[in-house]
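# Predicted coordinates and the sequence they were generated for:
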Amino acid sequence: MNKFLLAPSIIASDFTHLADEIAAVESAGADWLHMDIMDGHFVPTITIGPLFVDACKRVTKLPIDVHLMISNPDQYLEVFAKAGASNITVHVETCDHLQQTIQKIKSLGCTAGVTLNPSTPASALDEVLPLVDLVLVMSVKPGYSGQSFMPDMISKVEEIRNKLNELRSTAFLEVDGGISAETLPLMRKAGADVFVAGNAIFKHPQGAGEGIKKLRNSFARSERY
């Protein structure tokens, strides 16, 4: 129960010192490097693309965890796989043929993930849960960094964890949005095992390494009280 993965969200890093930021989280024991790809259409913000993913891949050995918050994701699966994505996660709201999309991601040699907006019920994933390698639960509305954690998403994590357990699935259950030393234990107890954190890591006053250490210790501390 104590084992979980940390995936620092690169969007919260200092892009003027990108290689140093990546090296800092890698040396501090990060497990994945999370990248939010936003297109200004499915979500209002425009962020990064495959060239950025490729640049990061060249300076790290960490798996690249790509979250496609974009319309028409099928059009871009291959280019992100070639850029170095290890995991590719798509939104249920953007895929007309979700099962085919999942199979395509797997055929490219990537872990296939699926996610949904906070307002979309967990039941929207039922048909594909037996197929996926990863489920991502957004605990903020996708599109902006630094939002407040949505406590209602704790019950959604519990619901999805129960569904995965019923299927005897080994899929990762990842959470993203407002993850901190206070909210990580809540989501861990609900059943999540991968945590995306941006500000809690890259904006920590003592640096990203201390941010990771604080998150690592948060669940152990919560168990003592």
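That came through fine.
# Find me the pLDDT at Asn2, would you?
Note on Asn2: pLDDT of 56.
# all strands of this protein, in order?
Counting by DSSP state E, the chain has strands at residues 5-8, 33-38, 64-69, 87-91, 111-116, 134-138, 172-176, 194-197.
# Take the ones you listed and write them to JSON lines, including distance to Gln103 and mean pLDDT.
In short, each C-beta sits where N, CA and C put it, glycine included. Shown next, in JSON lines, are these (distance: least, C-beta to C-beta, whole Å; pLDDT from 0 to 100):
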{"stretch": "strand 5-8", "distance to Gln103": "24", "mean pLDDT": "98"}
{"stretch": "strand 33-38", "distance to Gln103": "20", "mean pLDDT": "97"}
{"stretch": "strand 64-69", "distance to Gln103": "16", "mean pLDDT": "98"}
{"stretch": "strand 87-91", "distance to Gln103": "12", "mean pLDDT": "98"}
{"stretch": "strand 111-116", "distance to Gln103": "8", "mean pLDDT": "97"}
{"stretch": "strand 134-138", "distance to Gln103": "15", "mean pLDDT": "97"}
{"stretch": "strand 172-176", "distance to Gln103": "18", "mean pLDDT": "97"}
{"stretch": "strand 194-197", "distance to Gln103": "22", "mean pLDDT": "97"}
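# could you dump these to TSV with distance to Ser27 and mean neighbour count?
Formatted as TSV, the strands of the chain follow (distance: least, C-beta to C-beta, whole Å; neighbours: other C-beta atoms under 10 Å):
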stretch	distance to Ser27	mean neighbour count
strand 5-8	12	25
strand 33-38	13	25
strand 64-69	17	27
strand 87-91	22	26
strand 111-116	24	22
strand 134-138	25	25
strand 172-176	23	25
strand 194-197	17	26
